[in-house]
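**Q** Sequence and predicted structure, then a few things I'm wondering about:
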Amino acid sequence: MHLSRLLLRLKLTCSIAPVATKNLLFNEQTRIKTQQLFFQASGLCQVTMELDSISQDNRTSVSAFDNITRNGEKEEGASQVEVDLERVLELENMKELQNQVEIGASDKSVTKQESGKKNRKRGRRVDAEQDGENTKKKKKQIQRPNYFVSIPITNAQISSAVTEVQESVLERDPRLSRAMIPIPTLHLTLLVTYLANQEQVDLAAAALAQVEPSLVNLLRGAELVLPFSGVAHFRNDVVFVALREGPHTQVLRKLAELVCGGFEERGLLEGDARGFEPHLTIMKLSRAPKLRSQGIKRVDPSLYSNYTSRFFGDQTVERLDLCSMLKKKQQDGYYHTETSLQLGGRRRSEPDEAELTRISKRLVEDAINRAVQQYKQETLQNGGGPAAGGQPPGNANGTTDSAK
């Protein structure tokens, strides 16, 4: 670029030089002609000779002048060339600028493409992260509850009345047998939750234990008695024994709020107890999904219409249980209980019939195990032979003397 500009300036200088030479020769020619006329009139030979010499020079000058004239005729062409060269230079400059702009644009385009790729990659990462978060949220949302806190029904009067209702319904529609709630599992639910592992189960047990002082303060040493009366339903899908309204209802709701608050503080429960509706479920269609394929989408209220105003009995709140929905049920048929919080009711010196039965069975089993262990030890001590009489210690029924 700089070289082309230097060449253009050199050409311009060369085109201007002939014009100046032409002017000088024209002035010299005029001066010589004037002298020639003067000296001819004077008749000086020497001057004539000089003039001849000058004339020869003039002819040379004229020849040079002609050449200069021809060069002068080219002056306009040179100036036009100069203009053209200037336009060429301008075009070259413009072209160079255009190239630079195009290069810059291409660089920007490449940069944009690279940044676009980075943004797309980043976007894909963000989308992937969002998808991962959404997946986690969905997984968290679809986790079905597997634990609940309940008040077990221990009043035999209530259990007997519920059995009567269930049998009456089954007499009219045996297909509902799988929708019935087993009598040993009857309970009133305070909350349901999902516990992912044993650590969370331990936290739930700790939460239940921590609310005990608040519950004691709430009850103030009095028993909380819940009267159940009448059969009702939720959308003809869940049938339950209703809780009669009274001062005990508000106390029960406050108790549920305290328990839910303890679970919420440890991140084990979402929501609150404001939607708590105490009820004793005795049948629900969700236990038997195949019933829908058989055309049973609701429980006809006429099946239990004779029990809509019947009194079922009073249940004293003795304890709160943290139960598992999925683990194997206990021997008495009740849900697997992780922990219990005693609130009152019968004292240990006054156990109910079910508790007496469990204690008796446990004593018998312990006695049998001790007798078997004693028999094995005696057998080993006697060199592997049977004990005297060929029978383990105890009577023929397999119980020890201590268990009689």
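**A** That came through fine. Numbering: from 1, shown residues only.
**Q** which residue ranges form the strands in the protein?
**A** For the chain, strands defined by DSSP state E occupy the ranges 147-152, 187-193, 225-234, 238-243, 279-284, 311-316, 319-324, 336-342.
**Q** List the neighbouring strands of the last one plus their orientation.
**A** Right, strand 336-342. Applying DSSP bridges to the sheet, strand 336-342 is found paired with strand 319-324 (antiparallel).
**Q** now the partner strand and strand 147-152, what's the angle there?
**A** Inter-element angle recorded for strand 319-324 and strand 147-152: 150 degrees (by axes from the mean of the first three to the mean of the last three CA atoms, to 10 degrees).
**Q** Quick one: the strands of the chain as TSV, columns for mean neighbour count and mean pLDDT too.
**A** Backbone N, C-alpha and C define where each C-beta goes, glycine included. Converted to TSV, the strands of the chain look like this (neighbours: other CB atoms under 10 Å; pLDDT from 0 to 100):
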stretch	mean neighbour count	mean pLDDT
strand 147-152	22	97
strand 187-193	20	96
strand 225-234	18	97
strand 238-243	22	97
strand 279-284	21	97
strand 311-316	19	97
strand 319-324	21	97
strand 336-342	15	96
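**Q** now the ones you listed in TSV, with distance to R370?
**A** Formatted as TSV, the strands of the chain follow (distance: least, CB to CB, whole Å):
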stretch	distance to R370
strand 147-152	32
strand 187-193	35
strand 225-234	42
strand 238-243	44
strand 279-284	42
strand 311-316	37
strand 319-324	31
strand 336-342	27
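**Q** separation between T308 and Q315?
**A** T308 is 19 Å from Q315, where distance means CB to CB, to the nearest Å.
**Q** oh sorry, the question was meant for E167
**A** 21 Å.
**Q** what's the answer for M180, then?
**A** M180 is 20 Å from Q315, where distance means CB to CB.
**Q** Please apply the same query to D237.
**A** In terms of CB to CB, D237 sits 24 Å off from Q315.
**Q** Please apply the same query to P174.
**A** From P174 over to Q315 the distance is 29 Å, taken as CB to CB.
**Q** same question, C260
**A** To Q315, C260 is 21 Å away according to CB to CB.
**Q** So for the nearest residue to S177 once chain neighbours are set aside, what's the pLDDT?
**A** Leaving out its chain neighbours, the residue that sits closest to S177 by CB to CB, 6 or more residues apart in numbering is L170, at 5.8 Å. On the pLDDT scale, L170 is placed at 97.
**Q** Surely L170 and R178 touch.
**A** No - at 10.5 Å, L170 and R178 do not qualify as touching, with contact defined as CB atoms under 8 Å.
**Q** between the two, who's got more neighbours?
**A** For L170 versus R178, the count of surrounding residues by other CB atoms under 10 Å is larger for L170: 16 against 12.
**Q** got a list of what that one touches?
**A** Contacts for L170 were tallied using CB atoms under 8 Å, 6 or more residues apart in numbering; they are 176-177, 180.
**Q** one more time with 10 Å, if that's ok
**A** 176-177, 179-180, 283, 303 (CB atoms under 10 Å, 6 or more residues apart in numbering).
**Q** same deal with H187?
**A** H187 makes contact with 148-154, 181, 280-281, 315, 321, 323, 334-335, according to CB under 10 Å, 6+ apart.
**Q** Between these, which sits nearest Q374?
**A** Nearest to Q374 among these is Y334, at 33.5 Å by CB to CB.
**Q** quick one: pLDDT of that closest one?
**A** 97.
**Q** how deep is it tucked in, by neighbour count?
**A** Neighbours of Y334 (other CB under 10 Å): 20.
**Q** didn't it look like it was pressed against R319?
**A** No - counting by CB atoms under 10 Å, Y334 sits too far from R319 to count as a contact (11.8 Å).
**Q** Need the overlap of contacts for the two.
**A** The contact lists of Y334 and R319 share 150, 152, 154, where a contact means CB under 10 Å, 6+ apart.
**Q** residue contacts, the first one?
**A** Read that as S150. By CB under 10 Å, 6+ apart, the residues touching S150 are 185-192, 319-323, 334-335, 337.
**Q** Same check on the second one?
**A** Going by CB under 10 Å, 6+ apart, P152 touches 184-188, 315, 317-321, 323, 334-335, 337, 340.
**Q** Also R144?
**A** With CB under 10 Å, 6+ apart, R144 has these contacts: 192, 194, 325-326.
**Q** how about TSV for these, with distance to R144 added?
**A** Shown next, in TSV, are the contacts of R144 (distance: CB to CB, whole Å):
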residue	distance to R144
V192	9
Y194	7
M325	9
L326	10
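**Q** ranking the residues you listed by neighbours, who comes first?
**A** V192 (16 neighbours).
**Q** Let me see the backbone angles for the closest residue to that one other than its chain neighbours.
**A** In space, and not counting its chain neighbours, V192 is closest to P145: 4.0 Å by CB to CB, 6+ apart. Recorded main-chain torsions at P145 are phi -60, psi 140, according to degrees, to the nearest 10.
**Q** With R266 instead?
**A** The phi/psi pair for R266 (degrees, to the nearest 10) reads phi -100, psi 10.
**Q** Could you pull up the residues touching it?
**A** Shown in contact with R266 (CB under 10 Å, 6+ apart): 200, 203-204, 206-207, 210.
**Q** change it to 6 Å
**A** Going by CB atoms under 6 Å, 6 or more residues apart in numbering, R266 touches 203, 207.
**Q** And A161, by the same measure?
**A** For A161, the contacting residues are F312, by CB under 6 Å, 6+ apart.
**Q** ok, now F312?
**A** Taking CB under 6 Å, 6+ apart, we find F312 in contact with 158, 161, 228, 241.
**Q** Give me the nearest residue to H279, chain neighbours excluded.
**A** Once flanking residues are discounted, H279 sits nearest to F240: 4.1 Å by CB to CB, 6+ apart.
**Q** can you list the weak-confidence ranges in the stretch 1-150 of the chain?
**A** 1-142 (pLDDT under 70).
**Q** got it, and the stretch 251-400 of the chain?
**A** For the stretch 251-400 of the chain, the stretches flagged by pLDDT under 70 are 270-274, 344-356, 358-359, 362, 366, 381, 383-400.
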